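Trainee: show me how the following folds:
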Amino acid sequence: MDLLLWRHAEAVDGTPDLTRELTERGHKQAKKIAQWLSENRPKHLRTLVSPSLRTRQTVAAFSDKFEIVPALAPDMGVPDILAATGWPEGRGAALLVGHQPSLGRLAAMLLSGSETDWTIKKGALWWFSNRVRDGETQTVLRAVISPDLL
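Mentor: Residues are numbered from 1 along each chain as shown. Coordinates of the predicted model:
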């Protein structure tokens, strides 16, 4: 299974949190990553998005076919996210568009085995795969893409 974590692009400050919109810069960030994803995406990609406006605006640069998943909301944790994705036993690939700190904690868990406060930059994409070698399940970091580098 492939698991792609895409942090929402830059958004305006304010409340209520779930209705914050992307800034002009945020729209540009989303378009850059969306273009990269369009060229490099895995087959059979399922797109799961937080209920927040800024995540829906981020993913709209890539696709209009996505599922809004409450487990990706800003206040949810790593176990909630993993349960929604089926990682690592699931098939195909899942693109998750979500928030800090939960995406950073998920990345830390996948690579180090423990939830730690890692930061994923706004608009950045982290791509993980899993494989079995010698009977052991391994997590592989395939790519880390920042919109500033595209």
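Trainee: is it true that Gln100 touches Thr119?
Mentor: Yes: Gln100 is within contact range of Thr119, at 6.5 Å (criterion: C-beta atoms under 8 Å). For every residue, glycine as well, the C-beta is placed using N, CA and C.
Trainee: out of these two, which sits in the more crowded spot?
Mentor: Remark: of Gln100 and Thr119, Gln100 carries more neighbours, 16 against 13, as counted by other C-beta atoms under 10 Å.
Trainee: just checking, what's the longest helix in the chain?
Mentor: When the chain is parsed with DSSP state H, its longest helix is helix 24-40.
Trainee: give me the distance from that helix to the chain's centre.
Mentor: In terms of C-alpha atoms, centre = their mean, to the nearest Å, the centre of helix 24-40 is set 13 Å apart from its chain centre.
Trainee: identify the residues contacting it?
Mentor: The contact list for helix 24-40, computed with C-beta atoms under 8 Å, 6 or more residues apart in numbering, reads 4, 6, 8-11, 22, 54, 57-62, 95, 122-125, 143, 145, 147, 150.
Trainee: Leu103 in helix, strand or coil?
Mentor: Judged by DSSP: H, G, I helix; E, B strand; the rest coil, the three-state class of Leu103 is helix.
Trainee: which of the contacts of helix 24-40 fall within strands?
Mentor: 4, 6, 95, 125, 143, 145 (DSSP state E).
Trainee: and for Leu3, the neighbour number?
Mentor: Leu3: 26 neighbours (other C-beta under 10 Å).
Trainee: secondary structure element holding the closest residue in space to it that isn't next to it in sequence?
Mentor: Leaving aside its chain neighbours, Leu3 sits nearest to Phe128 (4.6 Å; criterion: C-beta to C-beta, 6 or more residues apart in numbering). Assigned by DSSP states H and E, Phe128 belongs to strand 125-133.
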